[in-house]
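1. Using only what follows, build the 3D model:
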Amino acid sequence: MLATPWSQDFGLRVPIVNAPMGGVAGGRLATAVTAAGGLGMVGMGSTATRSSLAAELRQVHGRFGIGLVDWVMRSQSGLLDDAVAARPALLSVSFGTDLSWVAAARDAGIPTATQVYDADDARRAADAGVDVLVARGAEGGGHGEVRLATLPLLDAVLDVVSLPVLAGGGIASPRSLAAVLAAGAAGAWVGTRLAACPEALTGGPGRAALIAAAGTDTQVTRVFDVAAGLPWPERFPSRVLTDDFAARWTGREEALAGDPDACAAQSAPVDAGQGVGMVRDDATVGEVIEAMCSGAAELLSRWAR
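-> A predicted model of the protein is given here:
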């Protein structure tokens, strides 16, 4: 159907890995992505605990990966140990600079991944022994550094490392998938498009908002983290669907932090990348991956001809 050398070597039928989105990528989504030929990732986000990881892993059937947030992993004693003990096919830890966690995974024979945002990040991760890099572009939904768009970032990372590089950010259609594969990505790290699928943990209102949104309906902000008291580093804001709360308080984070009533009145954020305009229905994971991969294969074949 569609393959890259990395996806074949890794035992995947298609070069798709779902982004381990906290509160979205649970065990059911991971199972569905793996069943569709990719690698399903269970995402542990800002409020992850050992018990929440265990609960989602009970929903997993088949091969799976686990994604952790670095600062959450360090505040939840035992979370990394539990993730390693679960023997995932891939362990991803992002949003930190201390890569000492790689050794624990390597000792257990577990391949590792981390998100990178420029060539220097890529070199540091490669030097630390990370097996797979995720070039996460500024178009991506949820948390991440807003520095380079996906294709320029992919160019920069591929120039300095020989590791497999997955492209993430704005990949939600056959065209965008074909584009990153043609540019040399080993696979795609897909988030927003899968967040609207019924297998995701996304609630009904969030799913409806994703389907209704245009690609220009997102903004980058820290206000939801500030209001919730989550200690996300400032370098990692979140791309979300724009709403009145985000529009009112973005740029006024200090005032928001000092206003308990405003914090309590925050809306529920919907993480979304700029590929959200390609989300037009609540198709199943299998349908989404089949359409993206068959369409990308046709495009790549047409270009080759």
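
2. CA only for contacts and neighbour counts going forward, please
-> Fine.

3. Would you mind measuring from the closest residue to G273 other than its chain neighbours to L148?
-> Leaving aside its sequence neighbours, G273 sits nearest to G141 (CA to CA, 6 or more residues apart in numbering; 3.5 Å). In this structure, G141 and L148 are 14 Å apart, going by CA to CA, to the nearest Å.

4. Between these two, point out the one with more neighbours.
-> Counting neighbours by other CA atoms under 10 Å for G141 and for L148 shows that G141 has the greater number, 30 against 17.

5. Quick check: G43 is in a strand.
-> Yes - under DSSP: H, G, I helix; E, B strand; the rest coil, G43 sits within a strand.

6. List the contacts of it.
-> 19-26, 66-68 (CA atoms under 8 Å, 6 or more residues apart in numbering).

7. Run through this structure and note the low-pLDDT ranges.
-> 305 (pLDDT under 70).

8. Compute the number of surrounding residues for the nearest residue to G137 once chain neighbours are set aside.
-> What sits nearest to G137 in space, not counting adjacent residues and going by CA to CA, 6+ apart, is T150, at 3.8 Å. By the measure other CA under 10 Å, the count of residues near T150 is 22.

9. Look up how far I171 lies from the nearest residue to L163 once chain neighbours are set aside.
-> Nearest in space to L163, with sequence neighbours left out and distances taken as CA to CA, 6+ apart, is V132 at 6.2 Å. Distance, V132 to I171, using CA to CA: 18 Å.

10. cool, and P269?
-> Per CA to CA, P269 is found 21 Å from I171.

11. Relative to T284, how far out is L148?
-> Taken as CA to CA, the span from L148 to T284 is 31 Å.

12. And T97, by the same measure?
-> Counting by CA to CA, the gap from T97 to T284 is 36 Å.

13. ok, those two, which is more surrounded?
-> Applying other CA under 10 Å to T97 and T284 shows that T284 carries more neighbours, namely 18 against 11.

14. was I right about the more buried one contacting A200?
-> No - contact criterion CA atoms under 8 Å: T284 and A200 do not qualify, at 9.4 Å.

15. just the strands in the stretch 1-150 of the chain please.
-> Per DSSP state E, counting those that start in this stretch, the stretch 1-150 of the chain carries strands over the ranges 16-18, 41-44, 65-69, 90-94, 112-116, 132-136, 142-143.

16. Using CSV, please lay out those together with distance to W249.
-> Listed next are the strands of the stretch 1-150 of the chain as CSV, based on distance: least, CA to CA, whole Å:
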stretch, distance to W249
strand 16-18, 31
strand 41-44, 27
strand 65-69, 25
strand 90-94, 27
strand 112-116, 28
strand 132-136, 26
strand 142-143, 18
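
17. deepest of these, which one?
-> Mean neighbour count (mean count of other CA atoms under 10 Å) peaks for strand 41-44 among those, with a mean of 30.

18. Leaving out sequence neighbours, find the closest residue to P111.
-> Per CA to CA, 6+ apart, closest to P111 is L90, 5.1 Å.

19. now do W6
-> Nearest to W6 is A186, by CA to CA, 6+ apart, at 5.7 Å.

20. Now do the same contact list for the residue nearest to L163.
-> By CA under 8 Å, 6+ apart, the residues touching V132 are 111-114, 163-166.

21. Tell me what it is bridged to.
-> Counting by DSSP bridges, V132 forms beta bridges with A113.
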